[in-house]
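J.: coords below, sequence missing:
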DNA sequence: GACCAATTGAACCAGTCAGTACATTTATCA
DNA sequence: TGATAAATGTACTGACTGGTTCAATTGGTC
């Protein structure tokens, strides 16, 4: 009998147990995510992950093959989440400037609220996106956020509000850069400038500055 | 007799050698930088670093104590370099808008030309800036680029060109965010969007968009 | 040229780590 | 109910890895 999804069985020295493949899988993934996010790929220890799991190391290898397979699974989960966030954006009803503002703010907020995603992407960049390449789930399942941006931008251009000739992808990347930075470089900036970018007041300033930057790029 | 600085003695099975402490140190640092930048702190192998060196593993421990000490030395070297870049900026003679444009472009270019620095900072952020904290050389030897930014900004406000009420540090961080991103996220963006941000034409677009973003923030 | 501190090399070590062998239990279904 | 497949736990291993030992060589100084 399969337990409720997500249920985690008691630990230590059990000779009797209930099968719960999905729960075990999920449990491993959750723990692994925390560890990879905290220590990177080579910094994370399979034994540590296993220890924090409700199951054993054996299960990690049973379900994910090897350490990199586990890492890849975590990475894919992260990208799945942001994809569904992007799909949830529905800004067609708003006038161009307001739509772009909302898009920027929503993206900004998503990154603040999902530091694990940001850190995982950082780690993946340290590895030259090698694992992203290896994952056919992610590759070419192209991000829809660019199309959202393109739609808003073209409406703005048509309305004479935005200047023409820009590449929607570049706009999208600029939003991304300004959103990610607060989380990805929080530690070094905090140390070098004695400034916590994620403190509420700093965040408010940075958020409105980000919107100003994007609109500044677009306004003609 | 000390050899010319930077000289590297021949390798393999030598029982006779010339002392060259500075050269050995520098050689180790160069190799270590490449390895840390490529593999991160935990990903880099002391044995690999030693093998690529003109000297032996023993010397790494002799001069740098342990792996983290070596990493810290590399990190400090990187920050020294950008500090001297920042000090080299002399934009007081230019009118505010032009000065800010030049500052932005120079910062943008610096990051493109020094991907090692960018990657090292990324790695350090993965480690929550733990080693930056441990280094008294870097900490509180506050970055002068903020003062440069403040100077230009205040001139611009005084001249009625820039809108008042902004925090110079936030402006500086925004420039930094837009400059770093191209290098730090080159791999994942390349993979997900099939777009090389560092290709010459893309770079030109991103550079001018960055300037537009900064001026967009400032213009009243 | 003899002495001493600064350097350097080669081999070695003890702990760690990813991955495995093997046995066992649980679920499925005819 | 019995056979088969899926899922799981325990204990282990071989390779790797950061770090060390110990002896030797070099260069400066008097």
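T.: Everything's here; your move. Treat the numbers as computed from the prediction; the structure is a model and nothing was measured.
J.: Where does the residue nearest to the spatial centre of chain A sit: helix, strand or coil?
T.: Per CA atoms, centre = their mean, the C-alpha nearest to the average position across chain A is that of residue A:117, at 3.0 Å. With DSSP: H, G, I helix; E, B strand; the rest coil as the basis, residue A:117 sits in helix.
J.: thinking it is in contact with residue A:123, fair?
T.: No. Assessed by CB atoms under 8 Å, residue A:117 is found out of contact with residue A:123, at 10.9 Å. To be clear about C-beta, it is placed using only N, CA and C from the backbone, and glycine gets the same treatment.
J.: which non-adjacent residue is nearest the residue nearest to the centre of chain A?
T.: residue A:78 (4.9 Å; CB to CB, 6 or more residues apart in numbering or on different chains).
J.: counting contacts, what elements does the helix or strand hosting that neighbour pack onto?
T.: Assignment of secondary structure by DSSP states H and E places residue A:78 within helix A:67-88. In terms of contacts (3 or more CB pairs under 8 Å, 6 or more residues apart in numbering or on different chains; DSSP states H and E), helix A:67-88 is packed against helix A:21-43, helix A:46-52, helix A:57-64, helix A:115-126, helix A:130-134.
J.: Out of these, which is closest to residue B:111?
T.: Residue B:111 sits nearest to helix A:115-126 of all those, at 14.1 Å, using CB to CB.
J.: who's in contact with the closest one?
T.: A:33-34, A:36-37, A:40-41, A:74-75, A:78, A:81-82, A:111, A:131-132, A:180, A:183-184, B:40, B:43, B:119, B:122-123, B:125-126, B:184-188 (CB atoms under 8 Å, 6 or more residues apart in numbering or on different chains).
J.: Could you check the angle that helix makes with helix A:67-88?
T.: 120 degrees (axes from the mean of the first three to the mean of the last three CA atoms, to 10 degrees).
J.: So which bits of helix A:115-126 are buried?
T.: A:116-126 (16 or more other CB atoms under 10 Å in any protein chain shown).
J.: try stretch A:78-97
T.: A:78-79, A:82-83, A:85-86, A:89, A:91, A:96-97.
J.: show me what contacts residue A:108?
T.: Counting by CB under 8 Å, 6+ apart, residue A:108 has contacts A:175, A:178-179, A:182, A:207, A:210.
J.: In helices only, show me those.
T.: Assigned to helices by DSSP state H, the following of the contacts of residue A:108 qualify: A:175, A:178-179, A:182, A:207, A:210.
J.: In space, what's closest to the residue of chain A found nearest chain B - neighbours in sequence excluded?
T.: Closest residue of chain A to chain B, CB to the nearest CB: residue A:216 (1.4 Å). Nearest residue to residue A:216, sequence neighbours excluded (CB to CB, 6+ apart): residue B:216, at 1.4 Å.
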